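Visitor: build me a structure from this.
(one chain, ligands or ions: 1)
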Amino acid sequence: MTAVIINGKEIAEKKKQEIAEEVKRLKSQGVTPGLAVILVGNNHASRTYVTNKQKTCQELGMNSVLIEMPEEVSEDELLSRIEELNHDPQIHGILVQLPLPAHINETKVIESISPNKDVDGFHPINIGRMMTGQNTFLPCTPYGIMVLLEETGISVEGKHVVVVGRSNIVGKPAGQLFLNQHATVTYCHSRTKDLKVHTKQADILVAAVGIPNFITADHVKEGAIVIDVGINRNEAGKLCGDVAFDEVSKKASYITPVPKGVGPMTITMLMYNTLKSAAESINR
Ligand SMILES: Nc1nc(=O)c2c([nH]1)NC[C@@H]1CN(c3ccc(C(=O)N[C@@H](CCC(=O)O)C(=O)O)cc3)C=[N+]21
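Guide: Below you'll find the model as predicted:
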């Protein structure tokens with residue numbers, strides 16, 4: 001079988017147009033969605049991501065504020081800046097770019113963001129709401145995966161989804177969203193025994209490991225749907241996923257590439273969450 005390549009860039013463009021329309025509507029009601037991005041230190045990759053987020057805000061007619069803080073900033077200073085943003089009526093979403101420097105407690109920072117402005121969906125209150133199927137901000141990357149599948153016309157109900165990776169921001173919540181949509185979910189991770197025995201059962205295989213070429217053709221069932229969430233650089237410095245694309249795409253029925261797969265959806269869902277927050281602020 002030769003896989004259909006799911007074009008995440010194209011689907012993201014379509015979704016962004018829909019979001020831009022909604023932004024116009026909100027603006028006519030006097031509310032412009034506003035996102036604050038806090039960048040601590042001068043990590044090169046982080047800076048690229050943050051620039052992309054700002055550019056996308058502009059494209060969609062939203063306001064964006066970049067708050068840069070030096071690597072040595074104290075935790076207290078960061079927390080008090082977040083507290084200001086929690087009370088700023090122009091700001092509907094607050095994103096603290098991760099990772100943070102080692103002297104800052106990430107958990108404490110995430111928990112200081114108002115759950116009403118936590119457009120990353122990382123606050124424990126919002127994670128709890130997601131787990132219990134309530135209305136909340138869904139974490140952007142897992143949410144983006146669900147939208148990719150929906151837009152491709154793939155139903156998740158009853159399918160066996162195997163998630164490889166159990167991070168708090170991708171693997172764990174991705175499994176939960178699939179479960180919420182009535183899939184059967186298996187989690188695998190670095191200590192799973194006989195990984196292939198599990199991954200070969202997958203109707204939908206989600207790779208969120210962080211190791212280039214980790215998932216090879218012999219991990220994959222003929223005709224499976226393969227979602228590559230990895231963002232790695234190979235020896236040549238080229239962006240690549242967790243899946244050995246060339247060999248796996250000969251066996252899968254659908255596959256997401258890297259780049260132009262899940263990545264562009266992550267930013268799009270961040271924009272969606274910011275819009276949602278702004279719309280809900282009217283009723284608060
Ligand atoms: N608080 C927080 N929230 C995040 O959402 C967050 C974060 N911290 N820290 C870093 C990761 C990484 N991340 C990406 C988003 C989009 C692409 C993306 O659009 N990638 C493009 C390629 C971009 C390129 O060429 O470098 C693609 O896959 O096609 C990648 C990575 C969000 N993150």
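Visitor: for residue 175, give me its contacts.
Guide: Counting by C-beta atoms under 8 Å, 6 or more residues apart in numbering, residue 175 makes contact with 161, 163, 185, 187, 206. No exception for glycine: its C-beta is placed from N, CA and C like everyone else's.
Visitor: just put these in TSV and tack on neighbour count and distance to residue 263.
Guide: As requested, those are exported to TSV (neighbours: other C-beta atoms under 10 Å; distance: C-beta to C-beta, whole Å):
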residue	neighbour count	distance to residue 263
161	23	20
163	29	18
185	18	23
187	17	22
206	31	14
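Visitor: which member of those residues is positioned nearest residue 243?
Guide: Of all the contacts of residue 175, residue 243 sits closest to residue 206, with 10.2 Å by C-beta to C-beta.
Visitor: how many other residues sit next to residue 119?
Guide: 27 (other C-beta atoms under 10 Å).
Visitor: residues touching the closest residue to it other than its chain neighbours, list them.
Guide: The spatially closest residue to residue 119, leaving aside those adjacent along the chain, is residue 93, at 3.5 Å (C-beta to C-beta, 6 or more residues apart in numbering). Neighbouring residues of residue 93 by C-beta under 8 Å, 6+ apart: 33, 34, 35, 36, 117, 119, 270, 273, 274, 277.
Visitor: restrict these to contacts with the ligand.
Guide: Among the contacts of residue 93, not one lies near the ligand by C-beta under 6 Å from any ligand atom.
Visitor: point me to the residue of this structure nearest the ligand.
Guide: Among the residues of the chain, residue 263 lies closest to the ligand, at 2.1 Å counting by C-beta to the nearest ligand atom.
Visitor: what sits against that residue?
Guide: 8, 231.
Visitor: host element of residue 163?
Guide: Here residue 163, judged by DSSP states H and E, is contained in strand 160-164.
Visitor: also residue 102?
Guide: With DSSP H and E as the test, residue 102 turns up in no helix or strand.
Visitor: and the gap between it and residue 41?
Guide: 11 Å (C-beta to C-beta, to the nearest Å).
Visitor: ok, residue 19 next?
Guide: For residue 19, the distance to residue 41 - C-beta to C-beta - is 30 Å.
Visitor: quick one, which of these two is more surrounded?
Guide: Per other C-beta under 10 Å, whichever of residue 19 and residue 41 has more neighbours is residue 19, with 23 against 17.
Visitor: right, and residue 71 touches residue 102 too?
Guide: No - with contact defined as C-beta atoms under 8 Å, residue 71 does not count as touching residue 102 (10.2 Å).
Visitor: which residues of the stretch 51-200 of the chain fall in helices?
Guide: With helices called from DSSP state H, counting those that start in this stretch, the stretch 51-200 of the chain shows them at 75-86, 106-112, 124-131, 140-152, 171-180, 195-199.
Visitor: does the first one reach the ligand?
Guide: Same thing as helix 75-86. No - under the criterion of C-beta under 6 Å from any ligand atom, the ligand is not reached by helix 75-86; the shortest gap measures 12.4 Å.
Visitor: hmm, back to that, residue 71 and residue 102 - which one has more neighbours?
Guide: residue 71 (12 against 7).
Visitor: which residues touch the more buried one?
Guide: Here residue 71 is in contact with 40, 41, 42, 101 (C-beta under 8 Å, 6+ apart).
Visitor: phi and psi next, for it.
Guide: Per-residue torsions, residue 71: phi -50, psi -40 (degrees, to the nearest 10).
Visitor: and the gap between it and residue 174?
Guide: Taking C-beta to C-beta, one finds residue 71 at 31 Å from residue 174.
Visitor: what of residue 38?
Guide: For residue 38, the distance to residue 174 - C-beta to C-beta - is 25 Å.
Visitor: in terms of neighbours, single out the busier of the two.
Guide: Between residue 38 and residue 174, residue 174 has the larger neighbour count (other C-beta under 10 Å), namely 29 against 22.
Visitor: quick one: contacts for the more buried one?
Guide: 141, 142, 145, 163, 206, 208, 229.
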